[in-house]
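A.B. asks: sequence? don't have it. structure:
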């Protein structure tokens, strides 16, 4: 368990360092210093987030806890009942950077970020059971 947590921590730290490097180098190459900052502040899925009330489920391919959430969602047809966006973070650096941004908004240090991770537009949920409980509550509200 500690090895997995360490590996995830290292992965997200590397993503955060890479994102910082890209932002710094992007500023040097841009025509105006604020262009990159303004673009970085706008979520890449802005239209999708508005259609889904801002709910984003971050997951990793091969993550066992993510598989539990996926199993629950499949068995309960969650995707048809609750609008949300799913974003894979192990192989997609842009999604991983967005996850780090959402975690920072919740005060979660980059070395403590894990998946599954749900952003509901204002708050963060981490772990399979809290996310499953979130979807259960959303379904019961309907």
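C.D. replies: Structure's in. What do you need? It should be emphasised that the depicted structure is a prediction, and the values quoted were computed from it without experimental measurement.

A.B. asks: Which helix or strand in this protein has the lowest average pLDDT?
C.D. replies: Sorting the helices and strands of the chain by mean pLDDT, DSSP states H and E puts helix 33-41 at the bottom, at a mean of 25.

A.B. asks: is it true that residue 115 lies in a helix?
C.D. replies: No: checked against DSSP: H, G, I helix; E, B strand; the rest coil, residue 115 lies outside a helix; its state is coil.

A.B. asks: quick one: it from residue 80, how far?
C.D. replies: Between residue 115 and residue 80 the computed distance is 23 Å (Cβ to Cβ, to the nearest Å). Using the backbone N, CA and C atoms, a C-beta is placed for each residue, glycine as well.

A.B. asks: Would you map the strands across the chain?
C.D. replies: Taking DSSP state E as the test, the strands found in the chain are 56-59, 85-88, 117-119, 124-126.

A.B. asks: The first one packs against which elements?
C.D. replies: So that's strand 56-59. Under the contact definition 3 or more Cβ pairs under 8 Å, 6 or more residues apart in numbering; DSSP states H and E, strand 56-59 sits against helix 64-75, strand 85-88, helix 93-105, strand 117-119.
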